[in-house]
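[1] quick one: sequence plus predicted model below, questions after.
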Amino acid sequence: MTTPVLEARDVTMRFGGLTAVRSVDFTVNSGEIVGLIGPNGAGKTTFFNCLTGLYVPTEGTVSYQGTVLPPKPHLVTKAGIARTFQNIRLFANMTVLENVLVGRHTRTKEGLWSALLRGPGFKKAERDSEERAMELLEFIGLAHKRDHLARNLPYGEQRKLEIARALASEPGLLLLDEPTAGMNPQETRTTEELVFAIRDRGVAVLVIEHDMRFIFNLCDRVAVLVQGEKLVEGTSDVVQADERVVAAYLGEPFEGDPSTTKGEVQ
Ligand SMILES: Nc1ncnc2c1ncn2[C@@H]1O[C@H](COP(=O)(O)OP(=O)(O)OP(=O)(O)O)[C@@H](O)[C@H]1O
């Protein structure tokens with residue numbers, strides 16, 4: 001049975017006279033991988049920022065598992081939504097393990113005094129956190145690099161580490177903003193497999209991406225934003241065949257034969 005994890009209702013975001021997102025209704029259900037695509041400047045990242053509390057929408061509401069979210073990033077994370085960003089935002093001079101541990105802080109209950117005094121409660125919490133972080137590093141294939149500095153990882157592994165750090169907050173929904181940007185085809189394929197594996201762990205995924213092949217292979221459903229409005233939403237096949245989508249992408253990587261079949265679009 002599908003139940004809504006995320007529900008955005010009538011979300012509008014204006015910057016002065018510019019409406020970057022206009023009356024968008026959007027749902028992600030449990031167990032789903034949903035794609036959000038659109039030409040440059042369509043409002044995708046602005047919409048993500050509205051979902052994650054970085055922006056307070058001018059109008060509309062965002063709910064997670066039936067409860068309206070407070071527009072504060074740390075409260076959104078605590079509620080169960082984690083994200084990555086277009087540009088890598090790791091702690092470059094921390095180790096791989098430390099980066100994942102940072103991602104767990106919303107889930108650790110030990111308070112300031114316990115941490116300062118390093119009492120038995122704190123030590124146990126620390127051990128549990130480390131175990132959980134190592135389990136995540138195993139999952140993404142970076143356990144053997146736990147003590148490497150994040151800045152010394154190759155690009156593709158840095159992006160994986162960001163995903164592990166986001167997963168460390170134990171989200172029910174993961175938002176990925178251009179996870180394959182700058183990746184070679186092999187790294188992109190690995191990321192695709194990783195996203196499927198994340199979904200199989202019970203985490204719903206919403207992904208922004210310009211790589212159409214990646215999106216159409218991966219997603220159960222795809223929504224298209226154009227000039228801040230949701231133009232089309234449906235399965236990959238429906239979206240690929242929609243003439244309005246083809247028109248919106250003319251001049252973009254998706255140009256060419258409108259009858260292009262799945263997997264051949266780039
Ligand atoms: N903080 C801001 N202040 C003013 N305008 C903004 C702000 N953030 C985004 N915009 C504008 O809102 C519009 C949508 O931008 P946004 O970055 O959300 O698009 P996008 O679809 O994510 O683009 P891209 O694919 O290039 O990342 C653009 O016209 C952009 O200039």
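    Cool, the structure landed.

[2] and Gln227, how many neighbours does it have?
    Counted with other CB atoms under 10 Å, the neighbours of Gln227 add up to 15. Every residue, glycine included, has its C-beta placed from N, CA and C.

[3] identify the residues contacting Leu137.
    Neighbouring residues of Leu137 by CB atoms under 8 Å, 6 or more residues apart in numbering: 96-97, 100, 143, 145-146, 164.

[4] which ChimeraX command selects the buried ones in these?
    Restricted to buried positions by 16 or more other CB atoms under 10 Å, the ChimeraX selection for those reads:
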select :96,97,100,145,146,164
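
[5] closest to the ligand among the contacts of Leu137?
    Nearest to the ligand among these, counting by CB to the nearest ligand atom, is Ala164 at 23.5 Å.

[6] element containing that closest one?
    Using DSSP states H and E, Ala164 maps to helix 155-167.

[7] quick revisit: so which of the contacts of Leu137 belong to strands?
    Applying DSSP state E to the contacts of Leu137, no entry is found in strands.

[8] of the contacts of Leu137, list those near the ligand.
    Subset of the contacts of Leu137 in contact with the ligand: empty, counting by CB under 6 Å from any ligand atom.

[9] can you tell me which helices and strands the helix holding Ala164 packs against?
    Judged by 3 or more CB pairs under 8 Å, 6 or more residues apart in numbering; DSSP states H and E, the packing partners of helix 155-167 are strand 81-83, helix 96-103, helix 120-140, strand 173-177, helix 185-200.

[10] mean pLDDT lowest where, among those?
    Mean pLDDT is lowest for helix 120-140 among the helices and strands packed on helix 155-167, at a mean of 85.

[11] tell me how far that one is from the chain's mean position?
    Counting by CA atoms, centre = their mean, to the nearest Å, helix 120-140 is centred 23 Å from the centre of its parent chain.

[12] that one vs helix 155-167, what angle?
    Interaxial angle, helix 120-140 versus helix 155-167 (axes from the mean of the first three to the mean of the last three CA atoms, to 10 degrees): 140 degrees.

[13] buried set for helix 120-140?
    122, 125, 129, 132-133, 136-137, 139-140.

[14] around the ligand, which positions in the chain sit nearby?
    Residues of the chain found near the ligand (CB under 6 Å from any ligand atom) are 15, 18, 20, 38, 40-46.

[15] just flag the most distant two among the residues you listed.
    Phe15 and Gly38 (17.2 Å; CB to CB).

[16] which of the buried residues of helix 120-140 sits closest to the ligand?
    So of the buried residues of helix 120-140, ranked by how close each gets to the ligand (CB to the nearest ligand atom), first place is Ile140, at 24.8 Å.

[17] what's next to stretch 72-82, contact-wise?
    By CB under 8 Å, 6+ apart, the list of residues contacting stretch 72-82 reads 6, 51-54, 64-65, 67, 69-70, 103, 106, 166-167, 169-175.

[18] just stretch 213-223 next, same as before
    So stretch 213-223 is contacted by 26, 32-37, 180, 188, 191-192, 195-196, 207, 209, 230, 232-236, 239-240, 262-266 (CB under 8 Å, 6+ apart).

[19] for stretch 12-29, same thing?
    With contact meaning CB under 8 Å, 6+ apart, stretch 12-29 is reached by 2-11, 34, 43, 46-47, 49-50, 55, 57-60, 173, 204, 206, 223, 225, 227-230.

[20] and that stretch, what's buried?
    By 16+ other CB under 10 Å, the buried positions in stretch 12-29 come out as 12-13, 19-22, 24, 26-29.
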